[in-house]
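Novice: 3D model of this:
(2 chains)
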Amino acid sequence: MAETAQRIARLEPPRRPERMIELDAMHAVGDAARPLSPAERLLQITGVRRLIVVVVLCLLWQLYAMWLNNNLLFPTLGETIEALYDAVVNGPLVQRTLTSLQILLMGYALGLAIAGIFTTLAITTRVGTDFLSTLTAMFNPLPAIALLPLALLWFGLGAKSLVFVIIHSVLWAVALNTHSGFTSVSPTLRMAGQNCGLRGISYVAFLLVPAAFPSILTGLKIGWAFAWRTLIAAELVFGVSSRSGGLGWFIFENRNQLEIPSVFAGLLTVIMIGLVVESVIFRSIENVTIRRWGMQS
Amino acid sequence: MAADIGIQATNAPLLAVDNVTLQYKTEQHLVTATWRVGFEVYEGERFVVLGPSGCGKSTLLKAVAGFMAPVEGQIRLAGKPIDRPGSDRMMVFQEFDQLLPWKTVLGNVLFPLLVNRRMPKAEATEHARSLLAKVNLSRFENIYPHMLSGGMKQRVAIARALAMEPKVLLMDEPFAALDALTRRKMQEELRALWDDVGFTVLFVTHSIEEALLVGSRILVLSPHPGRVKAELNADHLNFSDIGTPSFEKLHRRIHDLLFADRIETALVTETH
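Specialist: Okay, the predicted model is just below:
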């Protein structure tokens, strides 16, 4: 009963004649694409858009600081840049930055080397896997800076202690990411690699490492960020020695002397170095590797 | 005539699968994939292993490739037992991610040649280029795999495998993930390539039609676990035979073989 009612209510589509079109006889197709205007093209560039954000932030900073008018609490952008210029040309800023970077690179490189050894062990033996996962589970959540007091006790007041905490901050992040990258390489790709004749260390170097490169790069980036933060924080506690302290020491020193524009200049340097490494160095590595390979859009 | 090449082949089989039983472990079960499967492949044959899903045909191919060892029986290639993966048995997989994403099309074809130090680099490049020309990909040699369509990726994989001039080419449902039109085109191209280069291929599929079109000899397996059901000749069939009585007859015969199997296994379990 309900069925017939439904059938009556439903509209029948009209039966229409078939149609055939000769494609040759068709008119030329209109423009399927149009070139972008210069303004549109400019806004396509990520760098340009980022620059606009930075300019807006600088303007807000300058306006707020001028309105506040208290350079002991919040100096203007102009004063900060002046202090930065002064610290670079006459002051110790360049020296301090170089000291920081030197220690950082040393710790970073050592951390990477140890992470490489750990992950190679972890993928070749099952004991290695258990060893690595247990260690990362234990130490990854432990902030590196919490080890500083102990490091000072073991290695004394100096570069060794800083390198130790940096290694700690880099190692676990990089090892964890590299190892999870290795384990998530698809079985097909693994078999294809073995089929092509890869074995042992060449299998790791020519198949696993490039295949896991997106994860490895993420690990390198996280490791870098951890190391940089840990270093600045550790240097706030002490300079390596008062003569050759790092950036953190520069900030701490100037705060003690109430040279607030110089404190801001030091912070600005920390930010700028972070930005350059992140958006110039790591980005260009990404562009020539995983972006080109289509492993990341 | 292309089929003549198969007849000219030597008397000793190239690949001998001798009473092979294969088992693999899952989380909870020990699965028997194939049970005492035996067959022989001669040089120049297009040998197709056909069966429904669960007949262990892919596992069988993995064993021939050397990725797993039989629990019973032996697989011999040119008289030598297979014990590990090797580039004398190049494999084309179903999945598109078998290509190395960090290498260009040319780099992918070159890769096994360079890994195995088969020839100097300049010579290898030339060889790889000639293979890419055979699969109509010359224009794309500097492109990375992610920019290729599925069919093109499979063609690169075929070129890479053939570049090594393997004793036997292993193909694990290589066209199953392609759309129907591309799949037909790839089947035709594979036949043309075989006419041109003349390799030996062991081809796994679950499509009866594909088996008839690609294969010169068809091994029909029954499922759970895989056992040999029949071994048939299909070298008289080609693409122009689709729809003809002889094509349909063989199609129907294989269909019945695969279908009757269910009833038979039901009877066997009943009588036991």
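Novice: if I look at the residue lying closest to B:Pro166 once chain neighbours are set aside, how far off is A:Ile281?
Specialist: Distances taken as C-beta to C-beta, 6 or more residues apart in numbering or on different chains place B:Met90 nearest to B:Pro166, at 4.1 Å, with adjacent residues excluded. For glycine as for every other residue, the C-beta is placed from the backbone atoms N, C-alpha and C. Distance from B:Met90 to A:Ile281, counting by C-beta to C-beta, to the nearest Å: 39 Å.
Novice: Neighbour count for the two, which is higher?
Specialist: Counted by other C-beta atoms under 10 Å in any protein chain shown, B:Met90 and A:Ile281 do not tie: B:Met90 has more neighbours, with 27 against 12.
Novice: Surely that one is in contact with A:Asn195?
Specialist: Yes - under the criterion of C-beta atoms under 8 Å, B:Met90 makes contact with A:Asn195 at 6.4 Å.
Novice: got any residues that touch both of the two?
Specialist: B:Pro112 (C-beta atoms under 8 Å, 6 or more residues apart in numbering or on different chains).
Novice: B:Phe39 sits in which helix or strand?
Specialist: Assigning secondary structure by DSSP states H and E places B:Phe39 in strand B:30-41.
Novice: er, A:Ala65 I mean
Specialist: If you go by DSSP H and E, A:Ala65 is part of helix A:46-68.
Novice: buried residues in that helix?
Specialist: Within helix A:46-68, the residues scored as buried using 16 or more other C-beta atoms under 10 Å in any protein chain shown are A:61, A:65.
Novice: Run the angle between the helix or strand just after it and helix A:46-68 for me.
Specialist: Using DSSP H and E, the helix or strand that follows helix A:46-68 towards the C-terminus is helix A:77-89. Between helix A:77-89 and helix A:46-68, the angle comes out at 110 degrees (axes from the mean of the first three to the mean of the last three C-alpha atoms, to 10 degrees).
Novice: Near chain A, which residues of chain B? Just list them.
Specialist: Neighbours of chain A within chain B, by C-beta under 8 Å from any C-beta of the partner chain: B:62, B:65, B:67, B:85-87, B:89-91, B:93, B:95, B:97-102, B:111-112, B:115-116, B:144-147.
Novice: can you give me the strands for the stretch 101-250 of chain B?
Specialist: Listed in chain order, the strands of the stretch 101-250 of chain B (DSSP state E, counting those that start in this stretch) span residues B:169-172, B:201-205, B:217-222, B:227-233.
Novice: a markdown table for the ones you listed, including mean neighbour count?
Specialist: Shown next, in a markdown table, are these (neighbours: other C-beta atoms under 10 Å in any protein chain shown):
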| stretch | mean neighbour count |
| --- | --- |
| strand B:169-172 | 24 |
| strand B:201-205 | 26 |
| strand B:217-222 | 24 |
| strand B:227-233 | 16 |
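Novice: between these, which gets nearest to A:Asp130?
Specialist: Evaluated over the strands of the stretch 101-250 of chain B, closeness to A:Asp130 peaks at strand B:169-172, with 33.4 Å, by C-beta to C-beta.
Novice: so how many other residues sit close to the closest residue to chain A within chain B?
Specialist: With C-beta to the nearest C-beta as the measure, B:His146 is the residue of chain B nearest to chain A, at 2.6 Å. Around B:His146 there are 15 other residues, counting by other C-beta under 10 Å.
Novice: my guess is it contacts A:Trp293, does it?
Specialist: Yes - the pair B:His146 / A:Trp293 is scored as a contact, 6.8 Å apart, by C-beta under 8 Å.
Novice: Need the residues touching each of the two.
Specialist: The contact sets of B:His146 and A:Trp293 overlap at B:Pro101 (C-beta under 8 Å, 6+ apart).
Novice: ok, now which ones touch residue 217?
Specialist: I went with chain A, as the question did not name one. Per C-beta under 8 Å, 6+ apart, neighbours of A:Leu217: A:282, A:285-286, A:289-290.
Novice: The intended chain is chain B.
Specialist: B:45-48, B:231-235.
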